[in-house]
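Visitor: Show me how the following folds:
(2 chains)
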Amino acid sequence: MKLLRAGRWITAVGFVLLAGVYLRALAFTPVERSQGLAQKIFYLHVPAAIWAETAMVLVGLASVFYLFLKDPRLDRFAEASAEVGTVFAAIVLTTGPIWGKPIWGTWWSWDARLTFTLFLFLLYAGYLLLRGAVADPGARRRYAAVLGICGMCLVPFIHFSVYLFRTLHPMPIVLKPSAPSLPGSMLATWLFSLSVFTLLYVAFVMQRYALGLLREPPAEGGGLHA
Amino acid sequence: MPDAVPQNAGFMVAAYITTAVILVAYAVTLYRRTLKP
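Guide: Numbering: from 1, shown residues only, chains lettered A, B, ... in the order given. Got it, this is the predicted structure:
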């Protein structure tokens, strides 16, 4: 299957580039003075957070279109994006507390941004559990689509929670209306990391989509047989 | 006298290792699942 092979190759390239991100972040990007080396977690935490949220938006959009068009390819993409989004959300929820401990003095705080992000992870988990629990394919796709749309509605609350609530989490320093508040070398490293996380998201979704195709009977293939 | 930079490299190392482990583990599970008939 071409899609599967392409996904594997892109994953391999993504991991080589991820090693490049590690090298650049650790050896060729300056240390932030007030936070020390822990600030370098930023180069992994934020791109993972962006893709954890974007993956859920894509799940929601695919779900909306699925409910109108009943195209199984959209459902298959939503399932793939949800699984990959769960992985990125897991990275956010592990690197966040590791960064928070030396900077805030605590691993976790029940403030709006952190709680909403945990809720996003639980929604992903619920979405995947729901898909595994419903045997009838038609019902499974409809129920999952509804939950996917609910998940998409959560994402703006996560992003704007730092403006809407008093929170320990800092304001965005890159994704904000004004120019990014980062020195050029740090911004370049962050953009490199974001590109690699994007590549890994695409590669993982390609493989997971192909896995969905392999698991379904040929009659349910939906037309896109790679 | 300039302020000292915080010594917290261990947290950075832990985060980088955790991220790599999660990504590699997921890639391996995807590979293994697509090998099964």
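Visitor: how close does A:Leu67 sit to A:Ala80?
Guide: Separation of A:Leu67 from A:Ala80 (CB to CB, to the nearest Å): 18 Å. (Glycine included, C-beta is placed from N, CA and C.)
Visitor: same check, this time on B:Ala25
Guide: B:Ala25 sits 17 Å away from A:Ala80, going by CB to CB.
Visitor: same check, this time on A:Leu18
Guide: Separation of A:Leu18 from A:Ala80 (CB to CB): 20 Å.
Visitor: Repeat that for A:Gly126.
Guide: Per CB to CB, A:Gly126 is found 17 Å from A:Ala80.
Visitor: what's the helix or strand for the residue nearest the centre of chain A?
Guide: The residue lying closest to the centre of chain A (CA atoms, centre = their mean) is A:Ala52, at 2.0 Å. Per DSSP states H and E, A:Ala52 falls inside helix A:42-69.
Visitor: After that helix, which helix or strand is next?
Guide: Next along the chain after helix A:42-69, with elements defined by DSSP H and E, is helix A:72-104.
Visitor: which parts of that next one are buried?
Guide: Within helix A:72-104, the residues that count as buried by 16 or more other CB atoms under 10 Å in any protein chain shown are A:72-103.
Visitor: Give me the nearest residue to the residue of chain B found nearest chain A, chain neighbours excluded.
Guide: Proximity to chain A, evaluated over chain B using CB to the nearest CB, is greatest for B:Pro6 at 3.6 Å. Nearest non-adjacent residue to B:Pro6, counting by CB to CB, 6 or more residues apart in numbering or on different chains: A:Gly36, 3.6 Å away.
Visitor: so what's that neighbour up against?
Guide: A:Pro102, B:Val5, B:Pro6, B:Gln7, B:Asn8, B:Ala9 (CB atoms under 8 Å, 6 or more residues apart in numbering or on different chains).
Visitor: just the buried members of the residues you listed?
Guide: Buried members of those, scored by 16+ other CB under 10 Å, are A:Pro102, B:Pro6, B:Asn8.
Visitor: quick one: the spatially most central residue of chain B and A:Ile98, what's the gap?
Guide: The residue lying closest to the centre of chain B (CA atoms, centre = their mean) is B:Thr19, at 2.2 Å. According to CB to CB, B:Thr19 and A:Ile98 sit 10 Å apart.
Visitor: What strand or helix carries A:Ser195?
Guide: Taking DSSP H and E as the criterion, A:Ser195 maps to helix A:184-215.
Visitor: What parts of chain A come near chain B?
Guide: Within chain A, the residues that sit near chain B (CB under 8 Å from any CB of the partner chain) are A:4, A:8, A:11, A:15, A:18, A:22, A:26, A:31, A:33-38, A:40-41, A:44-45, A:48, A:84, A:87, A:90-91, A:94-95, A:98-99, A:101-102, A:200, A:204, A:207-208, A:210-211, A:214.
Visitor: As PDB, could you dump the C-alpha coordinates of stretch A:80-90?
Guide: As requested, C-alpha coordinates have been extracted for stretch A:80-90 and formatted as PDB (Å, rounded to 0.1, in the frame of the first residue of the first chain):
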ATOM      1  CA  ALA A  80      -6.500   8.800  12.500                       C
ATOM      2  CA  SER A  81      -6.200  12.400  13.500                       C
ATOM      3  CA  ALA A  82      -7.700  11.700  17.000                       C
ATOM      4  CA  GLU A  83      -5.200   8.900  17.700                       C
ATOM      5  CA  VAL A  84      -2.300  11.100  16.600                       C
ATOM      6  CA  GLY A  85      -3.700  14.000  18.600                       C
ATOM      7  CA  THR A  86      -3.800  11.900  21.700                       C
ATOM      8  CA  VAL A  87       0.000  11.200  21.300                       C
ATOM      9  CA  PHE A  88       0.700  14.900  21.000                       C
ATOM     10  CA  ALA A  89      -1.600  15.700  23.900                       C
ATOM     11  CA  ALA A  90       0.300  13.100  26.000                       C
END
